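>>> Show me how the following folds:
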Amino acid sequence: MNDDTSKAGGDLRAVTLHNGVTMPTLAFGCAFGDWVGRTDFQGFLPEQAWRAVSLALDSGYRAFDGARVYGTERIVGTLLGQRFASGALTREDLFITTKLAHPAAPPHINISHKRTWDPDKVDDIAQRVRDDMVDTLDDLGLGYVDLLLMHWPGGFGQHTSPDPDFPRQARATIWRTFCELADKGAARAIGVSNFTVHHLRQLLEDIPEPERRPTVNQVEIHPYCRNPELEDFCRTQGIVVTAYAPFASGALGMLQDPTLTAIAERHGKTVGQIVLRWHVQSGRTALPKTSKAERMAENQAIDDFALSDDEMQAIDALGTGEARRTCPDPSFVA
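Okay, the predicted model is just below:
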């Protein structure tokens with residue numbers, strides 16, 4: 001086993017956002033269900049959160065990544081409330097992320113229309129964001145979240161507004177509302193999700209105050225899905241990149257990849273641990289998710305080894321060429 005951890009640099013367990021808020025490097029993902037076509041049912045299954053989130057808390061996770069659309073916020077809030085009531089945890093022990101402004105899902109996906117909306121289909125974008133935030137905090141049973149993200153930069157289909165600049169204007173309206181919520185203390189930090197360089201450049205032009213720029217951009221990244229240009233741009237702007245679907249949502253056969261399995265055998269680690277170590281050594285944070293307690297423990301045990309430069313480059317090479325995604329490609333969002 002390679003015990004040289006000096007190659008990673010920095011703190012493996014936390015990062016500091018540009019507004020001074022400290023965010024754990026690993027958070028437990030709270031989206032449950034199937035959206036990659038492994039089963040006949042396409043949609044979210046929030047009932048799976050009861051057991052998984054309980055195990056995650058028992059396993060030491062203190063950061064949880066959710067979203068209004070996942071339908072798990074009431075469950076997460078109830079489980080946290082039980083720990084608060086027993087005195088086992090305090091609010092300050094936790095880092096809670098949520099996401100708002102998810103577009104309407106395709107017809108075959110079983111996601112509630114009450115939790116999703118397209119900006120061109122609502123009368124008042126800012127008020128819809130405010131109302132959703134109230135519902136989210138009510139379900140969580142919290143007075144604030146630690147990180148609030150704009151879930152998508154726009155809808156999956158063509159918008160109906162005759163103004164070609166409407167998607168950009170809608171993003172700016174949502175972002176200004178996020179800034180308002182942060183100013184009121186409803187969120188300690190604000191960021192975006194599924195934003196490309198194009199979306200980020202526009203947002204930074206429309207809201208140019210440096211302190212108002214996103215703290216985080218949460219995007220799909222795994223060894224088969226990389227975007228070095230996006231990561232480089234975020235790095236120059238001081239925006240932390242968070243990888244969702246860090247294991248490719250269990251799809252694409254990635255966890256059986258021979259390159260990854262060979263590196264795992266060399267270090268005496270699981271493929272999941274190798275992938276997470278690759279993420280953090282690359283300067284990203286990540287959102288691993290599993291329903292098994294032993295995997296939860298393993299996923300957090302990645303600070304006793306380091307990947308060599310050659311190993312990092314070998315994993316990077318798996319993602320050359322066209323990205324293999326398990327979620328929609330945000331580059332198609334205007």
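
>>> need the strands for the chain, in chain order.
With DSSP state E as the definition, the chain shows strands at residue ranges 14-16, 22-24, 28-29, 33-34, 43-44, 63-65, 95-100, 145-150, 187-193, 216-220, 240-244, 285-286.

>>> same question for the second one, mean pLDDT?
What that stands for is strand 22-24. Mean per-residue pLDDT for strand 22-24: 98.

>>> Would you reformat the strands of the chain as TSV and include distance to R51 and mean neighbour count?
Where you see a C-beta, it was placed from the backbone N, CA and C, and this is true even at glycine. As requested, those are exported to TSV (distance: least, C-beta to C-beta, whole Å; neighbours: other C-beta atoms under 10 Å):
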stretch	distance to R51	mean neighbour count
strand 14-16	27	16
strand 22-24	22	18
strand 28-29	13	24
strand 33-34	14	18
strand 43-44	16	20
strand 63-65	14	24
strand 95-100	19	26
strand 145-150	23	25
strand 187-193	26	24
strand 216-220	25	25
strand 240-244	21	24
strand 285-286	22	25
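
>>> Which other helices and strands does the top helix by length along the chain contact?
If you go by DSSP state H, the chain has its longest helix at helix 166-183. Judged by 3 or more C-beta pairs under 8 Å, 6 or more residues apart in numbering; DSSP states H and E, helix 166-183 is in contact with helix 125-140, strand 145-150, strand 187-193, helix 197-206.

>>> Can you pull out the residues in contact with it?
Helix 166-183 is contacted from outside by 100-101, 119-120, 125-126, 129-130, 133, 148, 150, 153-155, 159, 163, 187-190, 192, 199, 202-203, 206-207, 212, 333-334, using C-beta atoms under 8 Å, 6 or more residues apart in numbering.

>>> Next, the buried residues of it.
In terms of neighbour count (16 or more other C-beta atoms under 10 Å), helix 166-183 has its buried residues at 166-168, 170-179, 181-182.

>>> For the worst-scoring helix or strand of the chain on mean pLDDT, name the packing helices and strands.
When the helices and strands of the chain are scored by mean pLDDT, DSSP states H and E, strand 33-34 comes last with a mean of 84. Judged by 3+ C-beta pairs under 8 Å, 6+ apart, the packing partners of strand 33-34 are strand 43-44.

>>> Could you pull out the helices in the stretch 201-334 of the chain for me?
Using DSSP state H, counting those that start in this stretch, the helices of the stretch 201-334 of the chain run over residues 228-237, 258-267, 271-281, 293-300, 309-317.

>>> Turn those helices into TSV, columns for distance to H113.
Below are the helices of the stretch 201-334 of the chain laid out as TSV (distance: least, C-beta to C-beta, whole Å):
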stretch	distance to H113
helix 228-237	30
helix 258-267	39
helix 271-281	34
helix 293-300	33
helix 309-317	40
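
>>> Including mean neighbour count, could these go into a markdown table?
Listed next are the helices of the stretch 201-334 of the chain as a markdown table, based on neighbours: other C-beta atoms under 10 Å:
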| stretch | mean neighbour count |
| --- | --- |
| helix 228-237 | 15 |
| helix 258-267 | 16 |
| helix 271-281 | 24 |
| helix 293-300 | 18 |
| helix 309-317 | 15 |
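
>>> Is it possible to get TSV of these that adds mean pLDDT?
Shown next, in TSV, are those (pLDDT from 0 to 100):
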stretch	mean pLDDT
helix 228-237	98
helix 258-267	98
helix 271-281	97
helix 293-300	96
helix 309-317	98
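
>>> Of all those, which one is nearest G37?
Closest to G37 of these is helix 271-281 (C-beta to C-beta; 21.6 Å).

>>> tilt between that closest one and helix 258-267?
Helix 271-281 and helix 258-267 are oriented at 90 degrees to each other (axes from the mean of the first three to the mean of the last three C-alpha atoms, to 10 degrees).

>>> quick check: angle from helix 271-281 to helix 293-300?
Using the same axes, to 10 degrees: helix 271-281 against helix 293-300 is 30 degrees.

>>> Touching helix 271-281 from outside, list them.
Applying C-beta under 8 Å, 6+ apart, the external contacts of helix 271-281 come out as 7-8, 12, 25-26, 221-223, 243, 246-247, 254-257, 260-261, 263-264, 267, 269, 285-286, 288, 290, 295, 298-299, 301-302, 305-307, 312, 315.

>>> Near T136, how many other residues are there?
Residues within reach of T136, counting by other C-beta atoms under 10 Å, total 24.

>>> Might you report the residue contacts of it?
By C-beta under 8 Å, 6+ apart, the neighbours of T136 are 68, 73, 98, 100, 145.

>>> for A317, same thing?
Neighbours of A317 in contact, by C-beta under 8 Å, 6+ apart: T259.

>>> distance from the centroid: which residue in the protein tops it?
P162 (32.0 Å; C-alpha atoms, centre = their mean).

>>> and the gap between A243 and G283?
11 Å (C-beta to C-beta, to the nearest Å).

>>> circling back: which one of the helices of the stretch 201-334 of the chain lies closest to R83?
Nearest of the helices of the stretch 201-334 of the chain (C-beta to C-beta): helix 293-300, 16.3 Å.
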